[in-house]
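*Asks:* Return atomic coordinates for the entry below.
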Amino acid sequence: MDRQKLIDELKDGLIVSCQAVPGEPHYMPGITTMYAECAKWAGAKGLRVDSPENIRAIKEKVDLPVIGIWKIDRNIKDVYLTPSLEAARAVWEAGAEIIAVQATNHYRDDGKLAYETIREVKESIPDALIFADVATAEDARRAASYGADFVAPTLYGYTKAGHFDKLEIGDTPDFHLLRDIVDAVKGTDTLVIMEGKVSTPEIAVQCLYMGAHGVVVGNAITRPHITAKRFARTLNRFHES
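*Replies:* Here you go, the predicted model:
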């Protein structure tokens, strides 16, 4: 698909994050492909998929644009989300049209900042669109200056390596951060995709009104145990009050 046509296809659209890892109660072989087929059936405009293996399997059955990532050494290293050009190339060769890379103020194994992956991918894989996963508005500003096509606050609330546990940031998106990221990339060609804590269609629409080009939804759609946990936690608080 032509780059601009792909960008236009995602506008105001739902992007479903189709991920599952061993140890989660819903994990089973083929589950991510099943999620992708459900997303297509529901009218999603794109998918977010982890690992070349899953990207390849989904691309054989579902003809939606894929934001491809590869989580390597998660919970171990500071930069774990498509942390190198080699990882980005593997995601691209598996069939992803958009390559997601970590673009935070952390150092890779080679001593370079994570942002450098954007520049390397642009030079080595010029046909790819680049999706920068950031944690702050300053991350977004820098990613835009490096030439990222998209930025998303995917990594907001994550701590450094060895922990990477979500901070207590509530069950709704940080709309102030979304506003600041939209402002940070204003005047550039970089588009904002909202990702993180988008738990209802109404929240998704609010993000579009605030300037998001599209919205990624993961937990609320493809991780039912997380959605159930949110309900149980809220009802338990009601019981305790």
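*Asks:* From now on I want contacts and neighbour counts done on CA atoms only, so please keep to that.
*Replies:* OK.
*Asks:* Check the secondary structure at the spatially most central residue of the chain for me.
*Replies:* Nearest to the geometric centre of the chain sits residue 154, at 5.4 Å (CA atoms, centre = their mean). Under DSSP: H, G, I helix; E, B strand; the rest coil, the three-state class of residue 154 is coil.
*Asks:* That one is in contact with residue 196, isn't it?
*Replies:* Yes. Contact criterion CA atoms under 8 Å: residue 154 and residue 196 qualify, at 5.8 Å.
*Asks:* list the residues that contact both of those two?
*Replies:* Counting by CA atoms under 8 Å, 6 or more residues apart in numbering, no residue touches both residue 154 and residue 196.
*Asks:* what about stretch 59-76, distance to the chain center?
*Replies:* Centroid separation for stretch 59-76 versus its chain: 10 Å, with CA atoms, centre = their mean, to the nearest Å.
*Asks:* what comes up buried for it?
*Replies:* Across stretch 59-76, burial judged by 16 or more other CA atoms under 10 Å covers 59, 62, 64-72, 75.
*Asks:* and if you look at stretch 19-29?
*Replies:* Across stretch 19-29, burial judged by 16+ other CA under 10 Å covers 19-20.
*Asks:* start to end distance for it?
*Replies:* Terminal residues of stretch 19-29 are spaced 12 Å apart (CA to CA, to the nearest Å).
*Asks:* quick one: contacts of it?
*Replies:* Under CA under 8 Å, 6+ apart, the answer for stretch 19-29 is 31-32, 48-50, 218, 222-225.
*Asks:* What about the residues you listed, which one has the most neighbours?
*Replies:* Most neighbours among those, by other CA atoms under 10 Å: residue 49, with 27 neighbours.
*Asks:* what about that residue, distance to residue 64?
*Replies:* 11 Å.
*Asks:* Could you do residue 51 as well?
*Replies:* In terms of CA to CA, residue 51 sits 16 Å off from residue 64.
*Asks:* Same check on residue 14?
*Replies:* Relative to residue 64, and taking CA to CA, residue 14 is found at 11 Å.
*Asks:* Identify the contacts common to those two.
*Replies:* By CA under 8 Å, 6+ apart, residue 14 and residue 64 have these common neighbours: 45-46.
*Asks:* Show me the strands in the chain, by range?
*Replies:* Using DSSP state E, the strands of the chain run over residues 13-18, 46-50, 66-69, 98-102, 129-133, 150-152, 191-195, 214-217.
*Asks:* do you know which of the ones you listed lies nearest residue 91?
*Replies:* strand 66-69 (5.8 Å; CA to CA).
*Asks:* ok, and what's touching the closest one?
*Replies:* Outside strand 66-69, the residues touching it (CA under 8 Å, 6+ apart) are 46-52, 55, 81-82, 88, 91-92, 95-101, 131.
*Asks:* what's the answer for stretch 194-202, then?
*Replies:* Contacts of stretch 194-202 (CA under 8 Å, 6+ apart): 152-154, 156, 171-173, 178, 204, 207, 212-220.
*Asks:* any idea how far the helix or strand bottoming out on mean pLDDT in the chain is from the chain center?
*Replies:* Ranked by mean pLDDT, DSSP states H and E, the helix or strand of the chain with the weakest confidence is helix 224-240, at a mean of 85. What separates the centre of helix 224-240 from the centre of its chain is 25 Å, taken as CA atoms, centre = their mean.
*Asks:* give me the beta-bridge partners of residue 17?
*Replies:* Using DSSP bridges, the bridge partners assigned to residue 17 are residue 48.
*Asks:* In contact with it, which residues?
*Replies:* Neighbouring residues of residue 17 by CA under 8 Å, 6+ apart: 47-49, 216-218, 222.
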